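Trainee: could you look at this predicted model? Sequence included:
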Amino acid sequence: MLYKPLKFIFSTALHIFFKEYKVINKTEIPTTGPLILVSNHPSSFMDPIILASLVEQEVHFIAKGTLFNSVMKDWIMRNIMKAIPIYRKVDNPGMKLDNDGVFEQCYKFLEEKGTLIIFPEGTSIIDRKLQDIKTGTARIALGAEARNDFELGVKILSVGINYSDAPSFQSDVWINVEELIHVKEYRAQHHEDDRNAVRELTDKIQSNLEKNLIITADEQEDQFIKNVEAIYKNELMSELKLDPQLHSFNITKGIEEAIDHFEELDKSWLDNLKEKVADYTRRLENYNLKDEFLIGKNNKVNSNVFADTIFRMLYIILGFPFFIYGLITNYIPYFLPNKIATALTNFVEYDGPIKMTAGIFTFASYYALIIYFFEKFISQGNWWWTNLFTISLPIAGFFALHYAQRFKNFKTHTKLLSLFYKEPEVVGELLLERKAIIKDFDWAKEAWLKMGEKRF
């Protein structure tokens, strides 16, 4: 009874919490089961919320048994989250575990045309990595089909979830949906060698996930990709005439694959480029600058710094009263979820979903309270004013967020303006460094595209 209204609330909250919420290849998602949704697992509770929002039908998902370790948690996980517990050796060392009952429950659920969510990595990991996935998904899918003579019609849908900032409020998320795997196609392999069929299906799931995720070897490579994006991504979009809304992930994936290629082709050249980019980025940080402020429109050097700064100053001055209104009407419900998340967890992977869940209640409660007082003491029964006030609340909140970011950028612009006039030689050096880096990027881009391995 609670599932549908909660799903509507959380699905709406996702589009508010994330600045860009993009689902790619959504037409692949079936509206009926039997279906298994598999995904990477970078954010413990945000990931199942996202996956459940993608499908029309009700879903169940497999979760580690430690999440059911109290009466209250058990009730919430089973009745609201629709979760099925599975017990792992890593969580229960020394204990003999028997999950046959879990597999039987999954078989019956799929036989009833249900939709099941499984995170085959077996654990949540915040880094842009994909661990070797466990065989449980393949065993469940093949087991359900085998006991129905491969006539059940189980399908597996791989979904890659890519967060821009793991996940923070007003960050971005790109959700890539891969083509369906029809488990019945593994019938012959299963009859010949059921273990080999499990391995082949597991490898296929792993491959489908890998091509829909940004995967980095370590923190240094991850930072290098982010630096390349900051310096070159917009230029690539412009040169290749790509829509940022549609191809943002593909550009980043192309950068990741190109780095892997040049790592093998000419590691010394790539290491030299990494050093150049790191030095340039460090110098920008030392002056509290960003690359985007050194260039203007069309990715050309920003020669109109003074005029640009004046325009931004006008926005700051004229927008200040609206910012204050947005701050007064939204600060408390915006501030409280951060405090709640800090009090409840020290784990980054839990931070985002806790903030989003808390925000649903704090904003709903606070808005209801101030709307009541506005209607009672100010509009006094004039519903036109009350409705106008109600509509203004979220608009003012988002304006306040936008204004705060623009104010932060304005401070950076004033620093750049000061640098232009006080230390023009520094700006010149930065621009020369950037020009040398862009030259290397351009060469790598041309070499990569000539190979015909672009994904966009």
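Mentor: Yep, it's here.

Trainee: can you pull the contacts of residue 231?
Mentor: Listed by C-beta atoms under 8 Å, 6 or more residues apart in numbering, the contact partners of residue 231 are 277, 280, 291, 434, 437, 438, 441. Yep, even glycine has a C-beta here, placed from its N, CA and C like the rest.

Trainee: mind checking which of those are in helices?
Mentor: 277, 280, 434, 437, 438, 441 (DSSP state H).

Trainee: which non-adjacent residue is nearest the most centrally placed residue in the chain?
Mentor: With distances taken as C-alpha atoms, centre = their mean, residue 163 lies nearest the centre of the chain, 2.2 Å away. Nearest in space to residue 163, with sequence neighbours left out and distances taken as C-beta to C-beta, 6 or more residues apart in numbering, is residue 173 at 5.3 Å.

Trainee: ok, residue 381 next?
Mentor: Residue 381's closest residue in space is residue 375 (C-beta to C-beta, 6+ apart), at 7.4 Å.

Trainee: domain assignment for this protein?
Mentor: For the chain, automatic domain parsing gives the domain ranges 3-210, 305-422.

Trainee: JSON lines please, covering these and showing distance to residue 237.
Mentor: Converted to JSON lines, these look like this (distance: least, C-beta to C-beta, whole Å):
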{"stretch": "domain 3-210", "distance to residue 237": "14"}
{"stretch": "domain 305-422", "distance to residue 237": "20"}
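
Trainee: right, so of those domains, which gets closest to residue 247?
Mentor: Checking these against residue 247 by C-beta to C-beta gives domain 3-210 as the closest, at 9.6 Å.

Trainee: what helices and strands are in contact with the helix or strand harbouring residue 110?
Mentor: Using DSSP states H and E, residue 110 sits in helix 100-111. Contacts defined by 3 or more C-beta pairs under 8 Å, 6 or more residues apart in numbering; DSSP states H and E place helix 100-111 against strand 59-64, strand 83-86, strand 115-118, helix 136-146.

Trainee: what about residue 121, neighbour count?
Mentor: 20 (other C-beta atoms under 10 Å).

Trainee: so it touches residue 136, yeah?
Mentor: No - using C-beta atoms under 8 Å as the test, residue 121 is too far from residue 136 to be in contact (10.7 Å).

Trainee: hmm, back to that, closest to residue 232 out of the ones in helices among the contacts of residue 231?
Mentor: For the ones in helices among the contacts of residue 231, the nearest to residue 232 is residue 441 (4.9 Å; C-beta to C-beta).

Trainee: so who does the nearest residue to the closest one once chain neighbours are set aside touch?
Mentor: Leaving out its chain neighbours, the residue that sits closest to residue 441 by C-beta to C-beta, 6+ apart is residue 232, at 4.9 Å. Counting by C-beta under 8 Å, 6+ apart, residue 232 touches 255, 438, 441.

Trainee: which residues does stretch 272-280 contact?
Mentor: For stretch 272-280, the external contacting residues (C-beta under 8 Å, 6+ apart) are 220, 224, 227, 228, 231, 430, 433, 434, 436, 437, 440, 444.

Trainee: for residue 391, identify the helix or strand it belongs to.
Mentor: helix 383-422.

Trainee: can you list the buried residues in that helix?
Mentor: For helix 383-422, burial by neighbour count (16 or more other C-beta atoms under 10 Å) applies to 386, 389-390, 393, 396-397, 399-401, 403, 410, 412-413, 416-417, 419-420.

Trainee: please pick the buried ones from the contacts of residue 231.
Mentor: Looks like the contacts of residue 231 have 277, 280, 291, 434, 437, 441 buried, using 16+ other C-beta under 10 Å.

Trainee: adding pLDDT and distance to residue 78, write the residues you listed out as CSV.
Mentor: Below are the buried ones among the contacts of residue 231 laid out as CSV (pLDDT from 0 to 100; distance: C-beta to C-beta, whole Å):
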residue, pLDDT, distance to residue 78
277, 96, 50
280, 96, 53
291, 88, 50
434, 94, 56
437, 96, 54
441, 94, 52
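
Trainee: look at residue 423 and say how many residues are nearby.
Mentor: 12.

Trainee: also the one 4 residues further on?
Mentor: Counted with other C-beta under 10 Å, the burial measure for residue 427 works out to 19 neighbours.

Trainee: so what strands line up beside the host helix or strand of the residue nearest to residue 163?
Mentor: Residue 173 belongs to strand 172-177 when assigned by DSSP H and E. Partners of strand 172-177 in the sheet, by DSSP bridges, are strand 20-24 (parallel), strand 155-163 (antiparallel).

Trainee: from residue 412, how far off is the nearest residue to residue 400 once chain neighbours are set aside?
Mentor: In this structure, residue 400 finds its nearest non-sequential neighbour in residue 326, 3.1 Å apart by C-beta to C-beta, 6+ apart. Computed as C-beta to C-beta, to the nearest Å, the residue 326 to residue 412 distance reads 22 Å.
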